[in-house]
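Participant: predicted model and sequence below, questions to follow.
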Amino acid sequence: MIRDLRVESYRSFDAFQVSGLNRVNLFTGKNNSGKTSLLESVEIIYSFGDPATLTDIAIRRGELLPSELESYASRSDQPIDATHFFYGHNFRLGDTFSISTRNGVEESVVARVARQNEFESQPELFHD
């Protein structure tokens, strides 16, 4: 069970930390305040940063259409428009977003812009 969660440079969070989480937690807020991003960060940490999870998130958000995946051998090879994953939708090569938890043992996932692929606006992300 996650007790503490820290999110940096992910979606709407420049830096966000919540402590004292329990088995059931209620998060409320206005539209576009980060509730879904918070849940996505938990999904990413539990997937150990699997790139396919980022693809799944992009599909659910409508940032990547499932039909765009047909031209690639596997979802993990699919380059996605990574700007949506970074705070302020602005980044350079080498920039990162990180998600970490503490539940007795600290776990973290760091995704960084690794290289440009053939589409200048779609850098690939990978887990360190």
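Facilitator: Great, that's in hand.

Participant: when you work out contacts or count neighbours from here on, use the C-alpha atoms and nothing else.
Facilitator: OK.

Participant: flag the shaky bits of the chain, pLDDT-wise.
Facilitator: The chain contains residues with pLDDT under 70 at 65-81, 104-105, 114-128.

Participant: mind listing the helices for it?
Facilitator: 35-46, 51-60 (DSSP state H).

Participant: go through the longest one and flag the buried ones.
Facilitator: Yep, that's helix 35-46 we're talking about. Under the neighbour-count criterion of 16 or more other Cα atoms under 10 Å, helix 35-46 has S37, L38, E40, S41, V42, E43, I44, I45 buried.

Participant: identify the residues contacting the first one.
Facilitator: Just to be clear, that refers to S37. S37 makes contact with Y10, R11, S12, according to Cα atoms under 8 Å, 6 or more residues apart in numbering.

Participant: what do you get for the second one?
Facilitator: Residues counted as contacts of L38 (Cα under 8 Å, 6+ apart): none.

Participant: would you map the strands across the chain?
Facilitator: Assigned by DSSP state E, the strands in the chain fall at 4-10, 13-18, 96-102, 106-115, 124-127.

Participant: dump these into CSV; add mean neighbour count and distance to K30 as well.
Facilitator: CSV is the format used below for those (neighbours: other Cα atoms under 10 Å; distance: least, Cα to Cα, whole Å):
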stretch, mean neighbour count, distance to K30
strand 4-10, 21, 18
strand 13-18, 14, 15
strand 96-102, 21, 23
strand 106-115, 18, 27
strand 124-127, 19, 29
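
Participant: present those as TSV; the columns should include distance to N90.
Facilitator: Formatted as TSV, these follow (distance: least, Cα to Cα, whole Å):
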stretch	distance to N90
strand 4-10	10
strand 13-18	12
strand 96-102	11
strand 106-115	11
strand 124-127	14
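
Participant: of those strands, give the one that comes closest to P51.
Facilitator: Nearest of the strands of the chain to P51, taken as Cα to Cα: strand 124-127 at 6.3 Å.

Participant: may I see the helices of the chain organised as a markdown table, with distance to G29 added?
Facilitator: Below are these laid out as a markdown table (distance: least, Cα to Cα, whole Å):
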| stretch | distance to G29 |
| --- | --- |
| helix 35-46 | 7 |
| helix 51-60 | 20 |
